[in-house]
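> how does the following fold in three dimensions:
(2 chains, ligands or ions: 1)
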Amino acid sequence: MVEKQLMLGSEALALGVKLCRPQVIAAYPITPQTHIVECLAQMVEKGELSPCRLVTVESELSSISLVLGASAGGARVFTATASQGLALMHEILHWVAGMRFPVVLANANRALGGPWILYMDQADSLSQRDTGWIQLYCASAQEALDMVPMAYRIAETHLLPVMVIMDGFWISHTMEPVEAPSQEAIDAFLPPRCDELKLDLDNPQALGAPSPSDTFYQIKREIQEEMERVLEAFPQYAQEYNQLTSRSYRLVEHWFMEDAQIALVGLGGITGTARYTAQRLREKGIKAGVVFPRSLRPFPGQEMRRLLKEVELVLVMNRALSPGMGGQLTQEIQSTLYGLPRVPQVTDWMAGLGGIDPTPWAIGEAVNRALKGERKIWTDRPIGAKRL
Amino acid sequence: MDRPSNWRQEAVEIPREELLRPGHPACPGCGAAPSMRLALKALGPKTMVVIPASCWSVIAGAHPNFSLEVPLLHTPFLSGAAAAAGLKAALEAQGDRETLVMAWAGDGGTYDIGFQGLSGAAERRTDMLYVCYDNEAYMNTGGQRSSATPVGTRTGTTPGGKPEEKKDLLNIMVAHGVSYVATATLAYPQDFLTKFKKAREKRGFRFIHLLSPCPTGWGFPEEKTVTIARMAVESGAYRLMEWDGEEWYTTRQPSFRVKVEDYLQAQTRFAHLTGQELQEIAKQTAAYWEKVSRKE
Ligand code: SF4
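I've put the predicted structure just below:
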């Protein structure tokens, strides 16, 4: 039995990065991810990451540009951000993905202002849905560590950038017992980066040159096809990782779905609360289950359909809003279920924005209202300490 | 400070090796293309180039064409300096300290949108060379004002002439405490090559500013590129200088055989100015270079 250590989610994530032997890290502070780059800076200072270069840049525009350049130099690269920082990176996120650089970035979810808001929701990462980045969500500090090696394995095998995303504060700033895999296990899982996508003095080429439309079209098509291959290959990577580390990761995590009539669907930490709530609901005779697509992009539509096709009700627990449309995750679920012979009721619940943390009571309340047929739910008293 | 009167720049041999291929798509008479040609002759093949959005994004060739013989990374507009710093870090982490990383950006990508990254990379003393080829406006979009545009210039967004003076980037770079700052222009290849060779040998952050005449945007005949650059230097509208970490030196004194007004009047971008305005600009230009050289 490997020993568990108590650590913050952001420390766990930084430890995951360390185990992957990064070569260039761009560091810029923003709450709630600052601990990640601070931890990494300490490791570099102590010589634990040598010969890694940690560069303290002057903005997120520069951190993402810096890892773009470093990735073009053939290095394994890392940077971390949150909220406004991720939004600021937007232009370069497209560039990194279009160029197929295997960059790994951690994002600690936080709402986007204005007004100023420090707390957690998922508007930052969900707003980057269409940039061509893979998005892997984490529901615990342990997952924040484990998803980093998974991210590099996927990024470097498929030449697509990956975001590892955890709830700001609820995970980044919460101490949890974490079991670190051995360096040998990670080395066995993750070979050094070895692709050809880099500048080479012996074979001078231009990366990112202006492209004719048909080339550009083909590049985008290849990205789409590669995303589909990631979905196919994910179970294999998960299996390898699980074997090396005694974990049990799946492309779509799910609990109590065997006989569920109600599915609670969410991303990241909220699915922990939902698991607890589902158990309480089951005590009252309501057959609830929980579904957590670990990857939002590529979206595991087939597996989601398989899990959700028999249920009566899908309650989508949104933590990001597309104003004028509704919950962002709801759109994903609805389009996935469209065309099923029998489409379950999909209820769009705005579970929490800007730090509203849905309690089991709030989830139970939303289930009650959805069972009465409500299709769009805003919690009336979102901050309430009622017991379920 | 003037060098002693018997001081001469050593004559440098111009390497025969061409690292810019013929057939690139720059406008005829473009100053930016031969500037790259000269720069790479001085820097040699162990060079990697990073180019943010600029005319050079086009001049380097659209896929699958490529006009350089050294590796090139294209980046978004504001990413030049940071991406170059990242590339350098990647090379260092893999044990390569020899390859020179050169960011090559226009004035928009340097003075304006790329300024933050430039300042950051310079402040961190990144071991790289940053070259700004300054055509004094956003030429790739048809010629709009940048903060490098000289006072009085008519551009697409300053139809009445630009009211403000050109940003004093040279002293801003010096204030960063970088290891080398120089100005150069293609009309003086010996001076140009000497400075690039010097920059190649130094460590830390090096910054070279190039006056890069643009017949399309400045409005002069395409065969007059070298003449225009020469007029700029000989009139004192542009000074060939270098700052070696401690002092400014003028590497070539203007002969004043032509006047700043002559230089301005040779270009349609100043055609709307009255004689008095031209004189005023000439005075301001002299004052600017006076200000730089007072630090000599
Ligand atoms: S617009 Fe000017 S700088 Fe750009 S390619 Fe043409 S001549 Fe060169």
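
> can you tell me the closest non-neighbouring residue to residue 266?
With no chain named, the answer covers chain A. residue A:317 (3.8 Å; Cβ to Cβ, 6 or more residues apart in numbering or on different chains). Backbone N, C-alpha and C define where each C-beta goes, glycine included.

> hmm, I had chain B in mind actually
Per Cβ to Cβ, 6+ apart, closest to residue B:266 is residue B:220, 5.7 Å.

> picking up where we left off before, quick one: the residue nearest to residue A:266 and residue A:347 touch, right?
No: look at residue A:317 against residue A:347 with Cβ atoms under 8 Å: they stay out of range, at 9.9 Å.

> which of those two has more residues huddled nearby?
Per other Cβ atoms under 10 Å in any protein chain shown, whichever of residue A:317 and residue A:347 has more neighbours is residue A:317, with 28 against 23.

> low-confidence ranges in chain A?
Of all residues in chain A, those with pLDDT under 70 make up the ranges A:1-2, A:383-388.

> follow-up on the earlier one: tell me what the helix or strand containing the residue nearest to residue A:266 is packed against?
In the assignment (DSSP states H and E), residue A:317 maps to strand A:313-318. In terms of contacts (3 or more Cβ pairs under 8 Å, 6 or more residues apart in numbering or on different chains; DSSP states H and E), strand A:313-318 is packed against strand A:262-265, strand A:326-327, helix A:328-337, strand A:345-350, helix A:360-371.

> run the chain-centre distance for the first one.
Using Cα atoms, centre = their mean, to the nearest Å, the distance from the centre of strand A:262-265 to the centre of the chain it belongs to is 19 Å.

> before we move on, what about the longest one?
Computed by Cα atoms, centre = their mean, the separation of helix A:360-371 from the middle of its chain amounts to 26 Å.

> which residues does it contact?
A:262, A:264, A:273-274, A:276-277, A:280-281, A:286, A:288, A:313, A:315, A:317, A:345, A:347, A:349, A:351, A:358, A:377, A:379, A:382, A:384-388 (Cβ atoms under 8 Å, 6 or more residues apart in numbering or on different chains).

> return the distance of the next helix or strand after it from the chain's centre.
Note on helix A:360-371: by DSSP H and E, the next helix or strand toward the C-terminus is strand A:376-378. With Cα atoms, centre = their mean as the basis, strand A:376-378 stands 25 Å off its chain's centre.

> burial of residue 167, as a residue count?
This is for chain A. 29.

> could you do chain B instead?
Residue B:167, neighbours per other Cβ under 10 Å, totals 17.

> can you tell me the closest non-neighbouring residue to it?
Nearest residue to residue B:167 in three dimensions, chain neighbours excluded: residue B:147, at 4.2 Å (Cβ to Cβ, 6+ apart).

> just residue A:131 next, same as before
Residue A:131 sits nearest to residue A:93 (Cβ to Cβ, 6+ apart), 4.2 Å away.

> that neighbour belongs to a helix, doesn't it?
Yes: assessed with DSSP: H, G, I helix; E, B strand; the rest coil, residue A:93 lies in a helix.

> element containing residue A:289?
Judged by DSSP H and E, residue A:289 forms part of strand A:288-293.

> do residue A:79 as well
strand A:77-81.

> which strands or helices does that strand pack on?
Going by 3+ Cβ pairs under 8 Å, 6+ apart, strand A:77-81 lies up against strand A:24-27, helix A:34-45, helix A:60-72, strand A:104-109.
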